[in-house]
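>>> Sharing a model prediction with you, sequence too.
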Amino acid sequence: MEPMDFRRRQFLRVLASLGLLSVPRVVFAASEPIAVVMGSSSTQRALSLDKLRRIFLATPTDDDDGHRFVPINLGQSTSVRERFDRSVLKLAPSEVARYWIDQRLRGNKPPRSANAVELVRRAVQE
């Protein structure tokens, strides 16, 4: 390690400790894709980001065969769910919570959720 690298890192640590350097709390790796899975009986082979967003915001949306999508999501406390909400729904966790409070008042229900991938897998199989 060169002396310059050490000084630069040390300088950045000092700035961060003083609150003068904005460092994101959570960094999501672009190499970690999120899988969207559909039942094997569906003939749907692709979804636009807009359609996926509508499905998970509980806007009535049909597949290519005219069947209503039934979204199932991971639980709110999972990092994958947070990444999904931020990248697909374009909402932070607190915004998602407020959205569903508003929707419940209007009589709409959020997608079903499960806290484990295995539970989601079983639900999709059913």
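Okay, I see it.

>>> Centroid-nearest residue for this structure?
The centroid of the chain falls nearest to Phe84 when counting by Cα atoms, centre = their mean (1.3 Å).

>>> tell me which element it falls in.
Here Phe84, judged by DSSP states H and E, is contained in helix 79-84.

>>> Tell me which other helices or strands that helix touches.
Other elements packing on helix 79-84 under the criterion 3 or more Cβ pairs under 8 Å, 6 or more residues apart in numbering; DSSP states H and E are strand 72-74. Any C-beta I mention is one placed from the backbone N, CA and C, and that applies to glycine too.

>>> Against Gly75, how distant is the residue lying closest to Ser77 once chain neighbours are set aside?
In space, Ser77 comes closest to Asn115 once its chain neighbours are excluded; the distance is 7.0 Å by Cβ to Cβ, 6 or more residues apart in numbering. In this view, Asn115 and Gly75 are 4 Å apart by Cβ to Cβ, to the nearest Å.

>>> Now for the chain, the helix or strand with the poorest mean pLDDT.
Ranking every helix and strand in the chain by mean pLDDT, DSSP states H and E puts helix 3-17 at the bottom, with a mean of 52.

>>> what residues are up against the residue nearest to the centre of the chain?
Each residue near Phe84 by Cβ atoms under 8 Å, 6 or more residues apart in numbering is listed here: Ile34, Phe56, Asn73, Leu74.

>>> how much space is there between the third one and Gly66?
It stands for Asn73. 23 Å.

>>> next one: the second one
Taking Cβ to Cβ as the measure, Phe56 falls 20 Å from Gly66.
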